[in-house]
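Trainee: coords please:
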Amino acid sequence: MNKIESWIGKHVRIKDEYIADECVNVPGLSSYFRGAERKAFKVQMDCYGVDLFPFRREAVEVSTMPSPSHQIIIEDTRGNYPYLWDAKYFEIVTI
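Mentor: Numbers count the residues shown, from 1 in each chain. Predicted structure coming up:
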């Protein structure tokens, strides 16, 4: 059985593979992280599950839901509500 290590309190940044020409090239991440592509963020919380935010206005069939994944909440860039992000877009860094 695989184990997921908690990232709470660690610092992360967007992986290079998701940044092109100094701009994040992932829908949903691109506008939020504009100008902060190389910035390190502190992880406030993490969990393993499915982010249902994209489905908030429609009925969802359990059979069509995405698979659970490691999700993180980081200190946000604009002082707004901290969002849940899929950890696959980030890597732990030492600052």
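Trainee: Helix, strand, or coil at the residue lying closest to residue 87 once chain neighbours are set aside?
Mentor: Distance criterion Cβ to Cβ, 6 or more residues apart in numbering; nearest residue to residue 87, sequence neighbours excluded, is residue 70 at 4.0 Å. Any C-beta I mention is one placed from the backbone N, CA and C, and that applies to glycine too. Here residue 70 is strand, with the state taken from DSSP: H, G, I helix; E, B strand; the rest coil.
Trainee: Pairing partners for residue 70 in the sheet, please.
Mentor: Note on residue 70: beta-bridge partners by DSSP bridges are residue 48.
Trainee: just so I have it, where are all the strands in this structure?
Mentor: All strands of the chain, identified by DSSP state E, fall at 11-14, 19-20, 23-24, 41-49, 69-74, 84-86, 90-93.
Trainee: so which of those strands gets nearest residue 34?
Mentor: Proximity to residue 34 (Cβ to Cβ) singles out strand 23-24 among the strands of the chain, at 7.0 Å.
Trainee: which stretches of this structure aren't confidently modelled?
Mentor: Counting by pLDDT under 70, the chain contains low-confidence ranges at 1, 77-81.
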